[in-house]
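J.: Below are the sequence and a predicted model; questions follow.
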Amino acid sequence: MFKKALLATLSASILLTHSLVAFDANAKVSPAQENAVKAKISQKLGLNVSQVQEAPMEGLYELITEAGLFYSDKDANFFIQGKLYGLADNVVNHSETTLAKMRIDGMAKFTKDMIIYPAKDEKHIVTVFTDITCTYCRKMHQEMDAYNDLGITIRYLAYPREGITNRYGELTNGYKDLRSIWCNEDPNDALTRAKDGASVSLRICDKPVEAEFNFGRQIGVSGTPAIVLDNGSMLSGYRPPKDLKALLDSI
């Protein structure tokens, strides 16, 4: 019973946690210390750390990596995978706060490469990691007019659920199909037809489909659709148009 209550409390805190943070998110780690931590984590775990910063909990560092968010002590003698919650005043998911910022910063890099279905009277913008083989991705796309009519602009990033390569090192069909759609001369039409079950004509170009997939993995996407809100919060799974609108309005 206690576990269920705790999970409910933690879940309810996710969407707005980054507005409740009381620690200094701009605290700097010295270049020498950052390089030392990066080198040790790389040597011991083979993990590429792009940024090291102070965590809200004293004595911990946040490690932003290509594989997601982790923690270590300041000498990198300990490595932690999991979520960090603050319990001082409110229940605050500090890990989600950092991930929200990573999502916002990362999405900005892909703005020119998104497939966008704009609302005429735009009130909200959401960014959705999508795949053409996903049942609920197709359902969401079939209701695009309803989202748009409610003032919700949908921006798509590619997330091939099969990954980029198979165990033999060959490109997956899922990746090749999404790359072909993103490379199409009319990607909006190509994506709509593919989600309606039409075959995909092969296209090859330098669109960053692989980079979008890797970005999704870094920020916690594990399935599609994954809906990222403007504030960096992420919803896993399909949301009906009216339900999504109500949630966006409440935030």
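T.: Structure received.
J.: Name the residues of stretch 122-140 that come out as buried.
T.: Buried residues in stretch 122-140, defined by neighbour count with 16 or more other Cβ atoms under 10 Å: 124-134, 137-138, 140. Glycine gets a C-beta too; all of them are placed from N, C-alpha and C.
J.: in the stretch 51-200 of the chain, which spans are helices?
T.: Here the stretch 51-200 of the chain has its helices, by DSSP state H, counting those that start in this stretch, at 94-109, 135-142, 144-149, 173-183, 187-195.
J.: Turn the ones you listed into JSON lines, columns for distance to Ser42 and mean pLDDT.
T.: Conversion of those to JSON lines gives the following (distance: least, Cβ to Cβ, whole Å; pLDDT from 0 to 100):
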{"stretch": "helix 94-109", "distance to Ser42": "20", "mean pLDDT": "95"}
{"stretch": "helix 135-142", "distance to Ser42": "36", "mean pLDDT": "97"}
{"stretch": "helix 144-149", "distance to Ser42": "43", "mean pLDDT": "98"}
{"stretch": "helix 173-183", "distance to Ser42": "27", "mean pLDDT": "97"}
{"stretch": "helix 187-195", "distance to Ser42": "37", "mean pLDDT": "98"}
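J.: To Asn166, which of these lies closest?
T.: Distance to Asn166, taken as Cβ to Cβ, is lowest for helix 173-183 among the helices of the stretch 51-200 of the chain, at 9.1 Å.
J.: what are the C-alpha coordinates of that closest one, in CSV please?
T.: The C-alpha trace of helix 173-183 is given here as CSV (Å, rounded to 0.1, in the frame of the first residue of the first chain):
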residue,chain,number,x,y,z
ASN,A,173,14.0,-1.8,-42.5
GLY,A,174,12.5,0.5,-39.9
TYR,A,175,15.5,2.9,-40.2
LYS,A,176,15.6,2.8,-44.0
ASP,A,177,11.8,3.5,-44.2
LEU,A,178,12.0,6.5,-41.8
ARG,A,179,15.1,7.8,-43.6
SER,A,180,13.3,7.5,-46.9
ILE,A,181,10.3,9.4,-45.5
TRP,A,182,12.4,12.2,-44.0
CYS,A,183,14.3,12.4,-47.4
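J.: Make 386 the starting number, not 1.
T.: OK, 386 is where the count begins now, so the last one is helix 558-568.
J.: ok now it, how far from the chain's centre?
T.: Relative to its chain's centre, helix 558-568 lies at 20 Å (Cα atoms, centre = their mean, to the nearest Å).
J.: start to end distance for stretch 550-557?
T.: Stretch 550-557 has an end-to-end distance of 5 Å (criterion: Cα to Cα, to the nearest Å).
J.: Same question for stretch 579-599.
T.: Terminal residues of stretch 579-599 are spaced 22 Å apart (Cα to Cα).
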